[in-house]
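>>> Here is my input, please return the structure:
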Amino acid sequence: ELALSLCQRHFAIAGWLAGGLTIVCLAFLSFITVSYIVEVMSTTNALVKRQDEQRLTDTDSLNSESSPLIRSSADSFGNEIDELRYPGRIVQSEAPTAPSADSMPFEITRRFELGQMAHMYFNSYLIVAFYAVICIYLYGDLAIYAVAVPKSLRDVACTYWPNASSTDTDNRTETDYCWSPQLFVGAFSLLVCPFAFFNVQKTKYLQVATSLSRWLAFGVMLTLAATTLAIGQGSGHPGPVNWTRIPQLFGASVYSFMCHHSLPALLTPMSPKRHLRLVLLADFSLILVFYLSLAYTGIFAFGHLEDLYTLNFQPGRRLAIGVWQPVRYFLALFPVFALSTSFPIIAITLRGNLKALFGLIRSRAGGAQQRSAVSLAIGPPPVALAFVTSSVDALVNYTGSYAGALLQYAVPALLLHYSRRKAASQLPPLDADSRYAPIHVSPFGHPACLVAILGWTLACMALVTADHLMEDAALANVTAAGPR
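Reported below is the predicted structural model:
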């Protein structure tokens, strides 16, 4: 929901044609790297099942009545993996059992998170880099939430007047509002940040409620914007192409198709997985159509777009059609509901990754003290950023352009490369065991494709960096020139 709320403004600035082409390109590239993760999950299952078979064979050869219980396959990656939460849940691996004669080792039957697969395939330097990228990405998420939620509360609290329909808030500045945004940031940090010290369990009903509110909110916004256009009251007139704004759109749009870290939890329980690739393709196509529909109706319906799209419907803003006041409040406060429930889960996920990054998880002693120490390091950085800036655009652009791009493109490509190398050295050839025939193989797994994905990642990061440097230089020139 964050990506859909944030990208309309960048979409309009980049142009309706350039924006649409960029989103389609990003959707396709994200689908490619999702297919990489699926293949890596399949290969990981095959490797672990092969290890389990070998352990069972070794155990049977001992023929000892007092032999110890066989350790779980996850333990082979190190004890730290047992406590790795990504995203926010402890992964339980099953003890190995003898596979049936017709079993398919490459079938995805066991769940392995990205952290587990990174430990299995990467060297120590890449593992540190992997956790650093995830932690930076999650810190960026928390900072965005710490800005977006208080900003939504501030805008709703400060834009209600008895005659709201006649009040125009399009040109208001930060000093025009009746409440300081820092007041809402402080309240948000006091109410939500303490949840980083706890664990989140049994969130099924919370997730269902959040999903329902998400679809309801975006369905209402799509309907209102489409109705505005249908009656000929649209006030947006974006140009077709503005290539200089593509880098900013890239940073914001990376979030639109970011699902890679959740794939193990989403795909492992699915059964059957025979048409998994078609299911993913249909899913991405549906997301793309919905995203483009919401983006195009928004940029043509509104002449001025807030950095959070939901704020275009806030009380106090003139709309071309009449909207029931409670609906306006629901839409304006939707980021508060959705992001506030996600903040603790992301904070707890960040805590687990920080423990893994700094090696604290290796020590079982003093677990409560370690958890408290790491939890104390989670809240201050994003809250401090929220106190000094209210620009959601900038936070999204920096987080998505760097950590988001690495996590969505580079990490899957590297995992696929190293998993194939390990599978080639440890799995039996097909003529020795026909069960080890690969399935869920990515159609984009050619080495040239992997190189192209990595090159795309570096090129995008370089382009975004150049854009930031040029903007800073232009701002410095304006400041140096001073008022005339």
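>>> Spatially nearest residue to residue 257, not counting backbone neighbours?
The shortest distance from residue 257 to any non-neighbouring residue, by C-beta to C-beta, 6 or more residues apart in numbering, is to residue 30 (3.6 Å). No exception for glycine: its C-beta is placed from N, CA and C like everyone else's.
>>> Verify the contact between that neighbour and residue 284 for me.
Yes. The criterion here is C-beta atoms under 8 Å, and residue 30 meets it with residue 284 at 7.2 Å.
>>> hey, what's in contact with both of those two?
Jointly contacting residue 30 and residue 284 under the rule C-beta atoms under 8 Å, 6 or more residues apart in numbering are residue 257.
>>> where do the strands sit along the protein?
Per DSSP state E, the chain carries no strands over any range.
>>> in it, what secondary structure element scores lowest on mean pLDDT?
helix 367-376 (a mean of 65; mean pLDDT, DSSP states H and E).
>>> so where do the helices sit in the stretch 151-300 of the chain?
Remark: helices assigned in the stretch 151-300 of the chain by DSSP state H, counting those that start in this stretch are 181-192, 204-230, 246-253, 263-267, 276-301.
>>> Can you flag the weakest of these by average pLDDT?
Among these, helix 246-253 carries the lowest mean pLDDT, a mean of 80.
>>> Between helix 276-301 and that helix, find me the angle.
Angle, helix 246-253 to helix 276-301, by axes from the mean of the first three to the mean of the last three C-alpha atoms, to 10 degrees: 120 degrees.
>>> mind saving the C-alpha coords of helix 246-253 as CSV?
Provided in CSV are the C-alpha atoms of helix 246-253 (Å, rounded to 0.1, in the frame of the first residue of the first chain):
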residue,chain,number,x,y,z
ILE,A,246,12.7,8.9,-14.4
PRO,A,247,15.4,8.3,-11.6
GLN,A,248,13.0,9.6,-9.0
LEU,A,249,10.2,7.4,-10.3
PHE,A,250,12.5,4.4,-10.2
GLY,A,251,13.3,4.9,-6.5
ALA,A,252,9.6,5.1,-5.6
SER,A,253,8.4,2.4,-7.9
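>>> Other residues contacting it?
Against helix 246-253 from outside (C-beta under 8 Å, 6+ apart): 3, 6-7, 10-11, 13-14, 18-19, 22-23, 26, 393, 396-401, 404, 460, 463-464, 466-467.
>>> Filter these down to just the buried residues.
If you count burial by 16 or more other C-beta atoms under 10 Å, the buried members of those come out as 3, 6-7, 10-11, 13-14, 18-19, 22-23, 26, 393, 396-401, 404, 460, 464, 467.
>>> so who does residue 434 touch?
With C-beta under 8 Å, 6+ apart, residue 434 has no contacts at all.
>>> got a pLDDT number for it?
Confidence for residue 434, expressed as pLDDT, is 72.
>>> any idea how far it lies from residue 55?
Look at residue 434 and residue 55: by C-beta to C-beta, to the nearest Å, they are 22 Å apart.
>>> got it, and residue 105?
For residue 105 relative to residue 55 (C-beta to C-beta), the value is 14 Å.
>>> Looking at the two, which one has more neighbours?
More neighbours surround residue 105 than the other of residue 105 and residue 55, with 24 against 16 (other C-beta atoms under 10 Å).
>>> In terms of pLDDT, where does that one sit?
87.
>>> and the closest residue to residue 39 other than its chain neighbours, how many neighbours?
Among residues not flanking residue 39 along the chain, residue 442 sits closest, at 4.6 Å (C-beta to C-beta, 6+ apart). Around residue 442 there are 21 other residues, counting by other C-beta under 10 Å.
>>> repeat for the one 4 residues further on
A count of neighbours around residue 446, defined by other C-beta under 10 Å, yields 10.
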